[in-house]
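1. Okay, here's the prediction I keep looking at, along with the sequence it came from:
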Amino acid sequence: MSNWLTFSEKKENLTFFSLKLITCKLIRKMMRTTRLLFTFLFICLLAFQVSAQTNTARHHADLVSISPNADNNITVAIDYVNAIVRNDWTKVRSLITAGFMQYGPGAPDSTNADQYAKVWQEWYPIQQNREVFIIASTSLQVKEGMNKGDWVLLWLDYHALFTNENKSAHVPIQMTIMMENGKVAVERTYYDSGSLLTQLGWTMTPPQTAKK
C-alpha cells in the first residue's frame, strides 16, 4: 500500500510538473505573441504618422504658396498703411476696392471704407506724431477654398503721442490683407488693446467677487 501511494504521489507530482511546464510554455508563447503584436501595432502607428505628416505637408504645399504677385502686393499693402497713418484718404481710396471691408480685433468689428475713414478722422486729433514701422511682410496665394486668392501678412509697430493722456505709446499690430486685382479688398487687424491702455496709464480693475 505504501509503495502504491508513493507511486501515486509521484504520478501526481509528475502530472503537476507536466502541467506547470506546459503552462509556462504557453505563457511564454503568449508573451512572445503579445510582444510581436505590440511591435506590429507600433510599426503600423509610426507608418501612419509618417504618412499623415507627409500627406499633410503635400496638402499644404498644394494649397498655399508664395504669391507670384508678392512684390506688387506688399508694395500696395505698405502704401495703403502709410497713407492711413498720413491721413491721405485720397491715396487710400485709390488702393482699395469698391467693396472694401475692414475687420477689427473683435469678432463683430467691421467697417466699410466710409465708416473706416470716419473712425480715423476721430483718431487723428488725439494721436499726434504718428509713425508706423514695417517689421516683417510676406504675400501668400491660397489656391482653393473660401479664402482663395492673394494675401499679404504684415507685422507692424505703430507709434503715436496720445494727447488725451499726453503719453507716447507703441502698439504691435498684425495685419492680414486680402488682395483683389492688385488692390486691398479686406483688412483684418489684430492688436493688444490692453497693452496700449496700460502704457497710457489706465489700470485694470477686476469685477468684484460676489460675497458668499
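-> Received, thanks.

2. So which elements touch the longest strand that the chain contains?
-> The strand that spans the most residues within the chain, counting by DSSP state E, is strand 127-142. Judged by 3 or more C-beta pairs under 8 Å, 6 or more residues apart in numbering; DSSP states H and E, strand 127-142 is in contact with strand 64-66, helix 70-85, strand 149-162, strand 167-180. (Glycine included, C-beta is placed from N, CA and C.)

3. For the first one, name the packing helices and strands.
-> Spelled out, that is strand 64-66. Using 3+ C-beta pairs under 8 Å, 6+ apart, the elements in contact with strand 64-66 are strand 127-142.

4. Export the strand it packs on to PDB, keeping only CA atoms.
-> Backbone C-alpha positions of strand 127-142 (Å, rounded to 0.1, in the frame of the first residue of the first chain) are rendered in PDB as follows:
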ATOM      1  CA  GLN A 127      -2.900 110.800 -32.000                       C
ATOM      2  CA  GLN A 128       0.000 113.000 -32.900                       C
ATOM      3  CA  ASN A 129       3.500 112.200 -34.200                       C
ATOM      4  CA  ARG A 130       2.200 109.100 -35.800                       C
ATOM      5  CA  GLU A 131       4.700 106.600 -37.200                       C
ATOM      6  CA  VAL A 132       4.400 103.100 -38.400                       C
ATOM      7  CA  PHE A 133       7.300 100.700 -38.800                       C
ATOM      8  CA  ILE A 134       7.200  97.600 -41.000                       C
ATOM      9  CA  ILE A 135       8.800  94.800 -39.100                       C
ATOM     10  CA  ALA A 136       8.100  91.900 -41.500                       C
ATOM     11  CA  SER A 137       6.000  91.200 -44.500                       C
ATOM     12  CA  THR A 138       5.100  88.400 -46.900                       C
ATOM     13  CA  SER A 139       2.500  87.600 -49.500                       C
ATOM     14  CA  LEU A 140       0.900  84.200 -50.000                       C
ATOM     15  CA  GLN A 141      -1.500  82.700 -52.500                       C
ATOM     16  CA  VAL A 142      -4.300  80.400 -51.400                       C
END
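
5. can you pull the buried residues of that strand?
-> With burial defined by 16 or more other C-beta atoms under 10 Å, the residues of strand 127-142 counted as buried are 127, 132, 137, 139-142.

6. now those residues as TSV including pLDDT?
-> Output for these, formatted as TSV (pLDDT from 0 to 100):
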residue	pLDDT
127	95
132	96
137	94
139	94
140	92
141	91
142	91
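
7. of all the residues you listed, which comes closest to residue 203?
-> residue 127 (21.3 Å; C-beta to C-beta).

8. got any ranges where this protein has weak pLDDT?
-> 1-61, 106-108, 209-212 (pLDDT under 70).

9. May I have the phi/psi pair for residue 201?
-> The phi/psi pair for residue 201 (degrees, to the nearest 10) reads phi 100, psi 0.

10. no no, residue 69
-> phi -100, psi 20.

11. My guess is it contacts residue 179. True?
-> Yes. Between residue 69 and residue 179 there is a contact under C-beta atoms under 8 Å: 7.4 Å.

12. what residues are shared contacts of the two?
-> Common contacts of residue 69 and residue 179 (C-beta atoms under 8 Å, 6 or more residues apart in numbering): 139, 150.

13. ok, the two, which is more surrounded?
-> residue 179 (23 against 15; other C-beta atoms under 10 Å).

14. Skipping its backbone neighbours, what lies nearest the more buried one in space?
-> residue 150 (4.2 Å; C-beta to C-beta, 6 or more residues apart in numbering).
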